[in-house]
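# no sequence for this one, just the structure:
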């Protein structure tokens, strides 16, 4: 009887973040991330002005909240298409807590993302174990946020787009190639490090956003990434490779 390879799906964003902070190569690309508390949120808003509050366990961008401090006692947050403003921290924090519904949440330093036609975008980097057992970046795909929402996820109304089309609005061909090469290397470095700690992982999806200095920030790492979004591209070659590697990993 042939024994199937063990596979693993790590749900906790906090666990994944702590694991990746152990990598000298990857650590510099992880935004400051802490557990949500009244004091930690106040500290991070004072430091960064804007943060994202997100469920420790969750998918498709559901429950992600963009939080801002605009003045000394002026706070606001957006969840989905709903926005609220407050003029004291206590009222603001209590309202935010009601949105979290007593679930475990994290705070992540807000990255002011490069935009495409005034809309935020990030890049999903698909990294998979090849049939020969070597980590390889197999797909790059752009995700553009819905005009009224803060998240880029396709399942939350985001639009799938070719990476070169997104980059082409900002970068020369040579610059674009360098950025894509960096994404390739960062994806493989992240996968290798996570795999050391969790050998059952066979594929990961990194959501990477760029600030205006074109530094790539790892917004999130998914250990069970959706391969089917690559089928939304007109060129199906990337999708075919992703699926081929996926089938090999499932054997």
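Received it, and whenever you're ready, just let me know what you need. The shown structure was predicted, so the numbers you read here are calculated from the model rather than taken from an experiment. Numbers count the residues shown, from 1 in each chain.
# Please name the nearest non-neighbouring residue to residue 64.
Distances taken as Cβ to Cβ, 6 or more residues apart in numbering place residue 54 nearest to residue 64, at 4.6 Å, with adjacent residues excluded. Backbone N, C-alpha and C define where each C-beta goes, glycine included.
# What of residue 216?
residue 208 (4.8 Å).
# Please compute how far stretch 117-133 lies from its chain's middle.
Averaging C-alpha positions (Cα atoms, centre = their mean, to the nearest Å) puts stretch 117-133 10 Å from its chain's average.
# what comes up buried for that stretch?
120, 121, 122, 123, 124, 125, 126, 127, 128, 129 (16 or more other Cβ atoms under 10 Å).
# same check, this time on stretch 103-115
Buried residues in stretch 103-115 (16+ other Cβ under 10 Å): 105, 106, 107, 108, 109, 110, 111, 113, 114.
# Next one: the first one relative to residue 14, how far apart?
Put plainly, it is residue 105. 10 Å (Cβ to Cβ, to the nearest Å).
# between the buried residues of stretch 117-133, which is nearest residue 225?
Of all the buried residues of stretch 117-133, residue 126 has the smallest distance to residue 225: 6.1 Å, by Cβ to Cβ.
# before we move on, the earlier item: for the residue nearest to residue 64, which residues count as its bridge partners?
residue 106 (DSSP bridges).
# ok, now which ones touch it?
The contact partners of residue 54, taken as Cβ atoms under 8 Å, 6 or more residues apart in numbering, are 13, 63, 64, 65, 105, 106, 108.
# shaky segments in the protein?
Along the chain, segments meeting pLDDT under 70 span 1-8, 60-61, 154-156.
# go again using 50 as the cut-off
1-4 (pLDDT under 50).
# Would you map the helices across it?
13-20, 38-48, 89-100, 163-168, 173-197, 237-250 (DSSP state H).
# the domain parsing of this protein - what is it?
For the chain, the structural domains run 13-30+113-250, 33-109, going by automatic domain parsing.
# Quote the end-to-end distance of the longest one.
Meaning domain 13-30+113-250. 24 Å (Cα to Cα, to the nearest Å).
# quick one: that domain to chain centroid distance?
8 Å.
# now swap in the last one and tell me
For domain 33-109, the distance from its own C-alpha centre to the chain's C-alpha centre is 17 Å (Cα atoms, centre = their mean).
# list the contacts for the closest residue in space to residue 25 that isn't next to it in sequence?
Using Cβ to Cβ, 6+ apart and skipping the chain neighbours, the partner closest in space to residue 25 is residue 189 (4.6 Å). Applying Cβ under 8 Å, 6+ apart, we find residue 189 in contact with 23, 25, 26.
# Let's see that with 10 Å instead.
Contact analysis of residue 189 by Cβ atoms under 10 Å, 6 or more residues apart in numbering lists 20, 23, 24, 25, 26, 29, 127, 135.
# farthest-separated two in the contacts of residue 54?
Among the contacts of residue 54, 13 and 65 lie farthest apart (Cβ to Cβ), at 14.1 Å.
# Overlap of the contact sets of residue 105 and residue 14?
35, 56, 57.
# Contacts only, for the nearest residue to the last one once chain neighbours are set aside.
Counting by Cβ to Cβ, 6+ apart, residue 57 lies nearest to residue 11, which is 4.7 Å off, once chain neighbours are set aside. For residue 11, the set of contacting residues under the criterion of Cβ under 10 Å, 6+ apart consists of 56, 57, 58, 59, 222, 223, 224.
# Keep only those of those that are in strands.
Judged by DSSP state E, strands contain the following of those: residue 222.
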